[in-house]
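Student: No sequence on hand, only this structure:
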């Protein structure tokens with residue numbers, strides 16, 4: 001393999017497609033790594049493939065410096081000649097999403113939602129500049145890190161400002177929309193359908209439609225209804241089912257009107273999924289350390305508290321405790337705000353770091369709750385299991401009791417002050 005291509009020093013191949021090979025290369029002028037896509041000269045010699053290859057390269061070349069979006073691959077420069085050419089692009093080291101479509105390597109549902117949201121933003125930006133991608137698939141969405149992605153490979157794009165209508169089918173069969181298969185005009189809704197297939201595959205590890213032959217695949221895309229993703233993966237929220245299935249609607253007009261409408265729906269379901277995320281022990285430790293209730297507890301004892309607690313995130317208006325219910329656990333409001341009411345009357349507003357329901361712990365057994373605790377904002381709640389706390393070291397239990405008594409004394413003083421003001 002030649003190691004030099006113009007000012008670029010080739011390091012290693014990253015992938016090969018129908019129109020050329022992509023290399024990781026070094027720009028010897030700037031010293032930076034780039035992804036360098038080089039024409040496949042053999043493809044150019046083919047009378048049919050050569051025309052398509054040249055067209056794809058010309059399209060990517062025309063986009064150099066025009067798509068400036070954090071979730072679209074940057075194209076630095078391009079050169080296209082009669083029998084030669086290249087496109088120099090941003091190098092993304094994390095590979096693509098293809099590996100996360102395997103059943104044993106699926107991403108968390110919350111990560112898939114974030115990837116979908118960012119892809120919507122990128123494709124909306126491109127569409128507003130007259131571009132329909134036409135080949136959205138996992139291999140064309142690159143991973144920077146985590147859920148930070150870049151949409152790549154605009155070689156098959158329909159540039160609405162310059163392209164003449166074409167009846168030629170372009171794209172990857174499994175991700176083609178029904179209207180794409182029928183040769184109808186393509187819009188953002190065609191990319192939206194393909195993005196629905198990508199999200200379906202990332203969530204479940206399989207595509208919504210398959211077939212032993214191309215004819216069977218195309219028939220199923222046009223006529224069959226896919227199974228809801230949650231039928232294949234139980235942790236997929238039902239609300240996310242409806243979003244994906246709407247993206248996969250047979251008729252373009254039955255999908256979301258715009259990318260922005262779709263992104264808003266994903267943001268809403270993503271917000272809900274945040275409440276289901278596990279809280280890392282390191283975060284629990286830090287939040288407990290900030291609470292004045294546990295300020296006398298040392299680090300070793302604080303870890304005892306971490307392992308004696310259950311944590312959950314809740315949205316506004318969620319009821320954490322209800323008056324007259326029985327219980328024996330106590331709680332810490334780790335973040336957010338709660339209101340404490342009795343018979344509908346406001347007694348107090350708690351902020352992050354404050355405990356509530358502690359009378360059950362102090363009493364030593366199940367008691368009837370005297371008030372209702374309801375979230376005012378998004379809250380993070382730690383629930384301390386009484387039986388688990390009984391197994392903590394004596395020193396830890398003593399310091400927790402001291403902290404709770406100090407808190408009760410402060411609340412009593414505050415209550416007395418309020419009463420004196422009303423007399």
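Tutor: On my side now, so go ahead. Because the structure is a prediction, the values reported are computed rather than measured. Numbering: from 1, shown residues only.
Student: before we move on, which element is the closest residue to residue 297 other than its chain neighbours in?
Tutor: With C-beta to C-beta, 6 or more residues apart in numbering as the criterion, residue 297 has its nearest non-adjacent residue at 4.9 Å, and that residue is residue 399. Every residue, glycine included, has its C-beta placed from N, CA and C. Here residue 399 sits within helix 394-422, counting by DSSP states H and E.
Student: For that helix, what does the pLDDT average out to?
Tutor: Mean per-residue pLDDT for helix 394-422: 79.
Student: burial measure for the closest residue to residue 404 other than its chain neighbours, as a count.
Tutor: Spatial nearest neighbour of residue 404, excluding adjacent residues (C-beta to C-beta, 6+ apart): residue 358 at 5.0 Å. Neighbour count for residue 358, taken as other C-beta atoms under 10 Å: 22.
Student: In contact with residue 358, which residues?
Tutor: Counting by C-beta atoms under 8 Å, 6 or more residues apart in numbering, residue 358 touches 330, 331, 404, 407, 408.
Student: Lowest mean pLDDT among the helices and strands of the protein, which one is it?
Tutor: Across the helices and strands of the chain, mean pLDDT, DSSP states H and E gives its lowest value to strand 158-159, namely a mean of 55.
Student: what's in contact with the helix or strand just after that one?
Tutor: Remark: after strand 158-159, the chain's next helix or strand is helix 178-181, criterion DSSP H and E. The contact list for helix 178-181 (C-beta under 8 Å, 6+ apart) reads 134, 169, 171, 185-186, 189-190, 193, 218, 221-222, 250-252.
Student: Residue 40: which of these is nearest?
Tutor: If you rank the contacts of helix 178-181 by distance to residue 40 using C-beta to C-beta, residue 171 comes first, at 19.1 Å.
Student: where does the stretch 101-250 of the chain dip in pLDDT?
Tutor: Scanning the stretch 101-250 of the chain for pLDDT under 70 picks out 155-171.
Student: All the strands of it, in order from the start?
Tutor: 131-132, 141-145, 148-151, 158-159 (DSSP state E, counting those that start in this stretch).
Student: Turn those into a markdown table, columns for mean neighbour count and distance to residue 304.
Tutor: Listed next are those as a markdown table, based on neighbours: other C-beta atoms under 10 Å; distance: least, C-beta to C-beta, whole Å:
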| stretch | mean neighbour count | distance to residue 304 |
| --- | --- | --- |
| strand 131-132 | 24 | 57 |
| strand 141-145 | 18 | 35 |
| strand 148-151 | 22 | 37 |
| strand 158-159 | 18 | 61 |
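Student: Using TSV, lay out those together with distance to residue 72.
Tutor: Shown next, in TSV, are the strands of the stretch 101-250 of the chain (distance: least, C-beta to C-beta, whole Å):
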stretch	distance to residue 72
strand 131-132	10
strand 141-145	10
strand 148-151	5
strand 158-159	15
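Student: For residue 212, find the nearest of the ones you listed.
Tutor: Closest to residue 212 of the strands of the stretch 101-250 of the chain is strand 141-145 (C-beta to C-beta; 27.4 Å).
Student: I'd like to know which elements that closest one is packed against.
Tutor: Counting contacts by 3 or more C-beta pairs under 8 Å, 6 or more residues apart in numbering; DSSP states H and E, strand 141-145 packs against strand 148-151.
Student: switch to 10 Å and redo it
Tutor: Strand 141-145 is packed against strand 85-90, helix 109-128, strand 148-151, helix 188-204, with contacts defined by 3 or more C-beta pairs under 10 Å, 6 or more residues apart in numbering; DSSP states H and E.
Student: looking at those, which is buried most?
Tutor: Mean neighbours per residue, mean count of other C-beta atoms under 10 Å, is largest over the helices and strands packed on strand 141-145 for helix 188-204, with a mean of 25.
Student: For residue 412, the count of nearby residues, please.
Tutor: Residue 412 is flanked by 10 other residues according to other C-beta under 10 Å.
Student: Next one: it from residue 353, what distance?
Tutor: Counting by C-beta to C-beta, to the nearest Å, the gap from residue 412 to residue 353 is 19 Å.
Student: got it, and residue 413?
Tutor: According to C-beta to C-beta, residue 413 stands 18 Å off from residue 353.
Student: which of those two has more neighbours?
Tutor: Shown here are residue 413 and residue 353; by other C-beta under 10 Å, residue 353 has more neighbours (17 against 10).
Student: how about the nearest residue to the more buried one, chain neighbours excluded?
Tutor: Residue 353 sits nearest to residue 291 (C-beta to C-beta, 6+ apart), 4.2 Å away.
Student: closest to residue 71 out of the helices and strands packed on strand 141-145?
Tutor: For the helices and strands packed on strand 141-145, the distance to residue 71 is smallest for helix 109-128, at 3.9 Å, taking C-beta to C-beta.
Student: and the closest one, how far out from the chain's middle?
Tutor: Relative to its parent chain, helix 109-128 has a centroid offset of 9 Å by C-alpha atoms, centre = their mean, to the nearest Å.
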